[in-house]
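A.B. asks: Fold the following for me, if possible:
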Amino acid sequence: MSYLFIAFILLSIIVMGKRSLTFLFGLGINVVLILVLVILIADGFDPIITTVVISIFVLVIAIYLSVENYDTANTAFKTSLIIMLLILGITFLVQYYANFQGMWIENQEELEGFSLQLGISFPEIAIAIIVINSLGVISETSVAISSGLNEIIDNKPDLTDSEIFNDGFSVGNKILITQINTMLLNFFASTFTLIYLMHSLKFTNSEFINDKLLVAEILTTLVCIIGVIFTVPITSYFTVNNHKKRA
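C.D. replies: Below you'll find the predicted structure:
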């Protein structure tokens, strides 16, 4: 693993040049922040509040250290913050009705003999996981759309607000296709072994679609996809507003 890590650092420096230092610095801080989040929750801090606070710091670092254009960074941050809160609300509803938290039946062997009286709320942990899981994809999508729109505006400053908004959807649709495909492929990659095992054990259709681990992965992916879709109109709206202020 150490060799791959070194190769990752060297390739980042070769490809990105000086910007790689900022990228690696921000990446390191965000890794530390996620570890701090786990520790704080384990020490008894409220999972939801702690996740929201840490997520804001993660977004600030991920966006402002990677985007040079201040307007693009501001738009991406505001959009990502709104989408994060939207995902938080959706996940509360999904968790209430689906009740997909806790340990799965697949974990029973390795957990045998351990106490599960951890003093934490598993539903809140499940919500926190989905929120953290969505941060990267929503911030990346918002930055990509905002950057594309700002370049269009710079090249065609006489565009009307409605034309800019429509261009936002045009740029966003192309990015959405890639992002959704990426999330679906990640889903199948993370559940490939589970699906293979369930098929080999001749699970019925009912057992298959009600497996707790599989349902959790499906819901996580769907919530993130919904968040990414909402990123398009919200980013376009903020970009139009920025254009009005500069006009």
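
A.B. asks: and residue 102, what pLDDT?
C.D. replies: Residue-level confidence at residue 102 comes out at 50, pLDDT.

A.B. asks: after the lowest-mean-pLDDT helix or strand in the chain, next one along is what?
C.D. replies: The helix or strand of the chain with the lowest confidence, counting by mean pLDDT, DSSP states H and E, is helix 108-111 at a mean of 43. In the C-terminal direction, the helix or strand that comes right after helix 108-111 (DSSP states H and E) is helix 122-155.

A.B. asks: ok, and for that following helix, which residues are buried?
C.D. replies: Going by neighbour count (16 or more other CB atoms under 10 Å), the buried part of helix 122-155 is 122-135, 137-150, 152-153. Any C-beta I mention is one placed from the backbone N, CA and C, and that applies to glycine too.

A.B. asks: all helices of the chain, in order?
C.D. replies: Secondary structure of the chain (DSSP state H): helices at 2-16, 19-42, 47-64, 70-98, 108-111, 122-155, 161-200, 205-209, 212-246.

A.B. asks: got the CA coordinates for stretch 189-204 in PDB?
C.D. replies: Extracted as PDB, the C-alpha positions of stretch 189-204 are listed here (Å, rounded to 0.1, in the frame of the first residue of the first chain):
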ATOM      1  CA  ALA A 189     -18.600  -2.500  -7.500                       C
ATOM      2  CA  SER A 190     -19.200  -2.300  -3.800                       C
ATOM      3  CA  THR A 191     -22.100  -4.800  -3.800                       C
ATOM      4  CA  PHE A 192     -20.700  -7.200  -6.400                       C
ATOM      5  CA  THR A 193     -19.600  -9.800  -3.900                       C
ATOM      6  CA  LEU A 194     -22.900  -9.600  -2.000                       C
ATOM      7  CA  ILE A 195     -25.000  -9.900  -5.100                       C
ATOM      8  CA  TYR A 196     -22.900 -12.900  -6.300                       C
ATOM      9  CA  LEU A 197     -23.300 -14.500  -2.900                       C
ATOM     10  CA  MET A 198     -27.000 -14.000  -2.700                       C
ATOM     11  CA  HIS A 199     -27.400 -15.400  -6.200                       C
ATOM     12  CA  SER A 200     -25.200 -18.400  -5.400                       C
ATOM     13  CA  LEU A 201     -27.300 -19.100  -2.200                       C
ATOM     14  CA  LYS A 202     -30.500 -19.000  -4.300                       C
ATOM     15  CA  PHE A 203     -32.100 -16.100  -2.500                       C
ATOM     16  CA  THR A 204     -35.700 -15.500  -3.500                       C
END
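
A.B. asks: Thanks a lot, catch you later.
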